[in-house]
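# whatever this is, show me its structure:
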Amino acid sequence: MSILIKIILLTIIMNAKVMASVNPKPFVVPELKEWKRSDGCFIPSSSMKIIYTSNDKQLITVAQQFADDYQKMFNQHLEIVKGKPSKGNFVFTLKSDKKLGKEGYTIKISDGIVFSAPTPQGIYWGTRTILQLMEQSSNRQLVKGTVRDYPDYPIRGFMLDCGRKYIPMSYLKDLVKVMSYYKMNVLHLHLNDNGVHDYFNDDWQKTYAAFRLESDTYPGLTSCDGSYTKKEFRDFQKEALMQNVEIIPEIDVPAHSLAFTHFKPEIGSKEYGMDHLDLFNPDTYTFLDGLFKEYLEGDDPVFCGKRVNIGTDEYSNKDKKVVEKFRYFTDRYIRYVESFGKQACLWGSLTHANGDTPVKSENVIMGAWYNGYADPATMMKQGYHLISMPDAYIYIVPATGYYNDYLNEPMLYNEWTPAHIGKAIFEEKNPSILGGMFAEWNDHVGNGITVKDIHHRVFPAIQTLTMKLWNAQKPSLSYDEFKQLRSSLSEAPGINQLGRIGKPHSLVYERQTVEPGSQSEYQEIGYNYTVSFDIEAAEERQGTVLFRSPNAVFYLSDPVKGMIGFSRDGYLNNFFYKMKPGDKVNIQIMGDNKCTTLFVNGKLVESLTPRNVYTKDPEKVMHYMSTLVFPLAKAGRFKSKIHNLKVYNYCLEQ
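Here you go, the predicted model:
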C-alpha cells in the first residue's frame, strides 16, 4: 500500500472519529436508530402549540396525550389546534414511509419540532423520545437535528405473575405508563397459579392458589385476597392500548392449576399432583370451556385484545399416554381460543411433550423459555413464531436463591438480543422470532416481597432490555455510561413508584415539628434512605400510626405488640423496641432493598435482615424479606411530640 493511500485512509478514519465526537446521538432509552445533527439548539417557548395536520382521531388522541404528559412533567399547558405546519410549534403529521413500518417515526428539530410517521402509533413513540430529551435539560433545550427511529422487533415485553401475588390494578396502570414511556409494547399477565407445596407441608389443600378474575360462571372461584372485576380488567386493557401497550391475559392450564382444583377437586390429577388437571376426565374440558368462554364471548369480551395465552407449561411427561393427551389438550385449546377470533399464545413445552398427536402451529405464538422444554430450532421448523424469554437470563424470582433476584443487566446490555434463546443463537431479526420478554415470578408465596420490591427489580430491567428489543445493534455507549445517564430519566410522566426524591446523596426533606394529621408534599421515600426524628413519647394505644401512605404504614405502636413497626402489602413487621411514656430519644430508620434497620440514640436496636423460614425439609428454605419504602404522605393521630424530622435519600453512616 502506497504512503499516499495510507495517508488518505488515515485522514478518512480521523475525520470519521471527529464527526462522531461532534455529532453524538442524544441520549434516549431505547437508543435512537438514526441521528443527523444540525447547527444550533432549540428552546421551547411558553407559547408553543400542538398542531395536527389531519382529522385522524387517533392522531388527535396522541396530541392530547402529549399535552397531558407535557403538563405533568413541565407544568405548561399546550394548546391543540388543527392547521398547517408553522415555526415554533409541535407539529404532528402522518406521512407514508415504508422503512419506518407501523411503529417508526421521524422528528425534525429546527425552529420547531415536527413529528411525522406512517401511523399515529409512530407519532406517539416520537413524543416519548421528545419528553425524555426535554427532561434531561433544565430549560428543555434540544440540539437541532433529525431523528429516524424504528424497532427491530414487533414484540417488546414483560410478563408479570399476578397469580401467586396479587398486584393491585393501580400498580398495573402505572406499570403500563412506565413501559409505554420506554417503548415496550406488550404486558403479559399471568392470572392464576399456586405456591410451592413444599412450603405448605406438602398438603395440596393448604397450598396457596389464586385465580384473579371475577367469575359469574363459577361463583367462588375468584381469589378472596385480591382480584379484578371483569369491567375494570376490560377497561384496563383498553386504557393500555391507548398507550400502545397490548395486554396478553393468561389462564395457565393444565398445570399450575391448583386454583381450579381447589374449586372443583374432581378435575385434579391424583397421579401427577393436584396442581395438574386430569386430562382424561371429560369434566375438565367442560369446566375449562366454560371458563375461557366467559372471558372470550360477546361483542365486548373481557379479553378484548387480539391475543390470549393458554398456558400449557410444565405438565408431566411421565409416560406416552399422558404426553399424547397433553398434546391433544394443547391443540384443542389453541383452536378453542381461535374460535373466538383470538390469536393463541402458549408456553413452549412440545419438546418436553414430544409425541405423535398433531398440535396446530400456524399463527401460534410460543414463549421460548427453556430449550429442554421446547427446542427453538425445532419449533421454528414446525411453524411456530417465538418470543425469546430464556429463563436463565431474563427470569426474575425475588429472594429465592435461584434464577435472578435482579437481572444481570451489564451482560444483557452487552451480549444479549432476542436472537439468543438459551444457548441457541439465530440470525438477528429472524422472521420466526417476534421479539422478547423478561418475566417476574412470585414463586415463594408469603416471603414478604412487596409490589415496591418487585418494581425495584423491574424498572431498571425495563430500561436495559428495551435497549436490546428496540435496537438489536450493539449500543453506542458503554453500560457504565448508559447507567449513569439513565438515572436522569423519570419512570414516566407523573410516575414515581421508586419514591425518588431530590438530588443524590442529600437531605431531601425536613420539618421542625410534625403535627398529628398533617400532610407532606411527598408520598414516600424509596431505597436507600434514612428517616430521623426526635420524640417525646406519650402513652400510645396499640395501632398508633406515625406516618402512612397508600402503600405502607409506619407505627409508633404496632397493632399486635405495641412495638415500633410497619406494615405493607398485608405483612406486619416490628422491631424489638417499645417506647415508654416520658422517653426522649432520637429515632433513625434506615432502609434499602434488603433490610430495614432501627437505631435509637445512634445505637443499633435491630436490623430486619432477610430471615430463613424452614420447611420440614431443612434443605428447602424460604427467605422472608422485611423491606420498607418509607411512608411520608400523612401523619397519624399520635399523642407523642415529634420534632426535627429529617429525611435523607441515602443511608447515614453510624
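# what about the protein, any weak spots by pLDDT?
Low-confidence segments of the chain, defined by pLDDT under 70: 1-23.
# let me see the ranges of the helices in it.
With DSSP state H as the criterion, the chain has helices at 3-22, 57-74, 120-135, 169-181, 230-242, 258-263, 282-296, 320-338, 376-382, 391-394, 409-415, 451-470, 479-486.
# got the contact list for residue 419?
Applying CB atoms under 8 Å, 6 or more residues apart in numbering to residue 419 gives the contacts 388, 425-430, 433, 472. Heads up, the C-betas are built off the backbone N, CA and C, glycines and all.
# quick one: it from residue 426, how far?
Noted for residue 419: a distance of 5 Å to residue 426, by CB to CB, to the nearest Å.
# joint contacts of the two?
Common contacts of residue 419 and residue 426 (CB under 8 Å, 6+ apart): residue 433.
# and stretch 39-55, how far out from the chain middle?
Mean-position distance between stretch 39-55 and its chain equals 32 Å (CA atoms, centre = their mean, to the nearest Å).
# what's next to it, contact-wise?
Here stretch 39-55 has contacts from 59-60, 63, 66-67, 76, 78-86, 88-94, 109-113, 134, 139-144, using CB under 8 Å, 6+ apart.
# again, only this time at 7 Å
Applying CB atoms under 7 Å, 6 or more residues apart in numbering, the contact partners of stretch 39-55 are 59-60, 63, 66-67, 76, 78-86, 88-94, 109-111, 139-144.
# same thing with stretch 392-402?
Residues contacting stretch 392-402 (CB under 7 Å, 6+ apart): 403-405, 407, 412, 416, 438-441, 443-444, 447, 449, 453-454, 457, 461, 610, 623, 625.
# give me the buried entries from those.
The neighbour count (16 or more other CB atoms under 10 Å) marks 403-405, 407, 412, 416, 438-441, 443-444, 447, 449, 453-454, 457, 461, 610, 623, 625 as buried among the contacts of stretch 392-402.
# in strands only, show me the residues you listed.
Among these, the members falling in strands (DSSP state E) are 438-440, 623.
# what's near enough to touch residue 483?
By CB under 7 Å, 6+ apart, residue 483 lies in contact with nothing.
# roughly how far does it sit from residue 29?
Residue 483 is 11 Å from residue 29, where distance means CB to CB.
# residue 173 now?
Counting by CB to CB - residue 173 and residue 29 are separated by 21 Å.
# neighbour-wise, which of these two wins?
residue 29 (21 against 16; other CB atoms under 10 Å).
# that one reaches residue 463, doesn't it?
Yes: at 5.3 Å, residue 29 counts as touching residue 463 under the criterion of CB atoms under 7 Å.
# what's the overlap in contacts for those two?
Common contact partners of residue 29 and residue 463 (CB under 7 Å, 6+ apart): 182, 486.
# okay, now the residue nearest to residue 583 when sequence neighbours are not counted: neighbour count?
Spatial nearest neighbour of residue 583, excluding adjacent residues (CB to CB, 6 or more residues apart in numbering): residue 537 at 4.2 Å. Residue 537 has 21 neighbouring residues, counting by other CB under 10 Å.
# repeat that for residue 43.
Applying other CB under 10 Å, we find 9 other residues in the vicinity of residue 43.
# now it. Its backbone dihedrals?
phi -120, psi 120 (degrees, to the nearest 10).
# which residues of the stretch 451-600 of the chain fall in strands?
507-514, 524-525, 529-536, 544-548, 553-557, 565-568, 571-574, 584-591, 596-600 (DSSP state E, counting those that start in this stretch).
# can you list these in JSON lines and add mean neighbour count and distance to residue 307?
Listed next are these as JSON lines, based on neighbours: other CB atoms under 10 Å; distance: least, CB to CB, whole Å:
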{"stretch": "strand 507-514", "mean neighbour count": "15", "distance to residue 307": "43"}
{"stretch": "strand 524-525", "mean neighbour count": "26", "distance to residue 307": "35"}
{"stretch": "strand 529-536", "mean neighbour count": "20", "distance to residue 307": "40"}
{"stretch": "strand 544-548", "mean neighbour count": "23", "distance to residue 307": "39"}
{"stretch": "strand 553-557", "mean neighbour count": "24", "distance to residue 307": "39"}
{"stretch": "strand 565-568", "mean neighbour count": "24", "distance to residue 307": "34"}
{"stretch": "strand 571-574", "mean neighbour count": "18", "distance to residue 307": "35"}
{"stretch": "strand 584-591", "mean neighbour count": "19", "distance to residue 307": "39"}
{"stretch": "strand 596-600", "mean neighbour count": "21", "distance to residue 307": "41"}
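# export those as JSON lines, with columns for distance to residue 358.
Formatted as JSON lines, those follow (distance: least, CB to CB, whole Å):
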{"stretch": "strand 507-514", "distance to residue 358": "62"}
{"stretch": "strand 524-525", "distance to residue 358": "54"}
{"stretch": "strand 529-536", "distance to residue 358": "57"}
{"stretch": "strand 544-548", "distance to residue 358": "57"}
{"stretch": "strand 553-557", "distance to residue 358": "56"}
{"stretch": "strand 565-568", "distance to residue 358": "49"}
{"stretch": "strand 571-574", "distance to residue 358": "48"}
{"stretch": "strand 584-591", "distance to residue 358": "55"}
{"stretch": "strand 596-600", "distance to residue 358": "55"}
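# how about those strands, which one is nearest residue 492?
Distance to residue 492, taken as CB to CB, is lowest for strand 524-525 among the strands of the stretch 451-600 of the chain, at 16.9 Å.
# so who does residue 144 touch?
38-42, 109-110.
# what's the ChimeraX line that selects buried ones from those residues?
A single ChimeraX command is used to select the members of the contacts of residue 144 judged buried by 16+ other CB under 10 Å:
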select :42,109
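# make CSV from the contacts of residue 144 and add distance to residue 208 to it.
Formatted as CSV, the contacts of residue 144 follow (distance: CB to CB, whole Å):
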residue, distance to residue 208
38, 59
39, 63
40, 61
41, 57
42, 56
109, 53
110, 59
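# out of the contacts of residue 144, who's nearest residue 149?
Nearest to residue 149, judged by CB to CB, of those is residue 109 at 13.0 Å.
# the closest one reaches residue 142, doesn't it?
Yes: applying CB under 7 Å as the test, residue 109 and residue 142 come out as touching, 5.2 Å apart.
# any idea how this protein splits into domains?
Annotated domains of the chain cover 25-149, 155-486, 507-648 [automatic domain parsing].
# picking that back up, pull out the buried members of the contacts of residue 419.
Counted by 16+ other CB under 10 Å, the contacts of residue 419 give 388, 426, 433, 472 as buried.
# between those, which is nearest residue 129?
Nearest to residue 129 among the buried ones among the contacts of residue 419: residue 472, at 18.3 Å, using CB to CB.
# mind listing what the closest one touches?
Taking CB under 7 Å, 6+ apart, we find residue 472 in contact with 152, 417, 428-429.
# contact partners for the residue lying closest to residue 491 once chain neighbours are set aside?
Distance criterion CB to CB, 6+ apart; nearest residue to residue 491, sequence neighbours excluded, is residue 178 at 5.0 Å. Taking CB under 7 Å, 6+ apart, we find residue 178 in contact with 459, 462, 491-492, 495.
# likewise for residue 572?
Residues in contact with residue 572 (CB under 7 Å, 6+ apart) are 558, 560, 565.
# redo the residues you listed as CSV? Include distance to residue 292.
Rendered in CSV, the data for the contacts of residue 572 read as follows (distance: CB to CB, whole Å):
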residue, distance to residue 292
558, 44
560, 43
565, 44
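# closest one of those residues to residue 282?
Scanning the contacts of residue 572 for proximity to residue 282, where the rule is CB to CB, the winner is residue 560, at 49.2 Å.
# now residue 450: how far from residue 650?
For residue 450 relative to residue 650 (CB to CB), the value is 21 Å.
# ignore what I typed, I meant residue 527.
For residue 527, the distance to residue 650 - CB to CB - is 10 Å.
# end-to-end on stretch 595-603?
Counting by CA to CA, to the nearest Å, you get 17 Å between the two ends of stretch 595-603.
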